[in-house]
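In: compute the structure for the input listed below.
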Amino acid sequence: MRFFFPLLAALTLGTALAHTEVRMQSPAPGHTVAAPKTVVLRFSEPTELRFSTFKVVPLPTGTTPDRAAADALARKDDGAVRADTAPRLSGVAARLGLPLRPHLKPGAYLVAWRVLSDDGHPVTGHTTFTVR
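Out: Numbering: from 1, shown residues only. I've put the predicted structure just below:
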């Protein structure tokens, strides 16, 4: 019995400190595909969309995905360079489809996000895919 309560506390604490994760992405990370119409992200938990940011942009040549993601998430006036249609998002969702502009040019693209976890911590991430 003396091990039960510490074990229960450890398991509960781990659950309480869990952050939102992207569990599935389409196009799959690093894949080369024909120009998709939508980027899909599936999260580990429902996410409050109005407190979240999602962007799809061309990956600049010579820039690391980490640097490009930080730059993309910081920019406000980027409508002209975005590959997504910059939809206004609201509600709560565990799955999100980001519509893309038609006729994406061949090249590497970055999908960047910043979401607010249930515990109030912002979580950022990114992935890339290539259009053939």
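In: what bridges to F129?
Out: Y109 (DSSP bridges).
In: who's in contact with it?
Out: For F129, the contacting residues are 27-33, 36, 108-109, 111, taking C-beta atoms under 8 Å, 6 or more residues apart in numbering as the criterion. For glycine as for every other residue, the C-beta is placed from the backbone atoms N, C-alpha and C.
In: show me how to select, in ChimeraX, the buried members of the residues you listed.
Out: Selection of the buried residues among those in ChimeraX, burial being defined by 16 or more other C-beta atoms under 10 Å:
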select :27,36,108,109,111
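In: now, which of the contacts of F129 sits nearest P60?
Out: Closest approach to P60 among these (C-beta to C-beta): A108, at 8.9 Å.
In: and the pLDDT at the closest residue to the closest one other than its chain neighbours?
Out: Nearest non-adjacent residue to A108, counting by C-beta to C-beta, 6 or more residues apart in numbering: L59, 3.9 Å away. Per-residue confidence (pLDDT) for L59: 98.
In: surely L59 and D66 touch.
Out: No - shown here, L59 and D66 do not form a contact pair, counting by C-beta atoms under 8 Å, at 11.2 Å.
In: the more surrounded of those two?
Out: With neighbours defined as other C-beta atoms under 10 Å, L59 and D66 compare such that L59 has more, 20 against 12.
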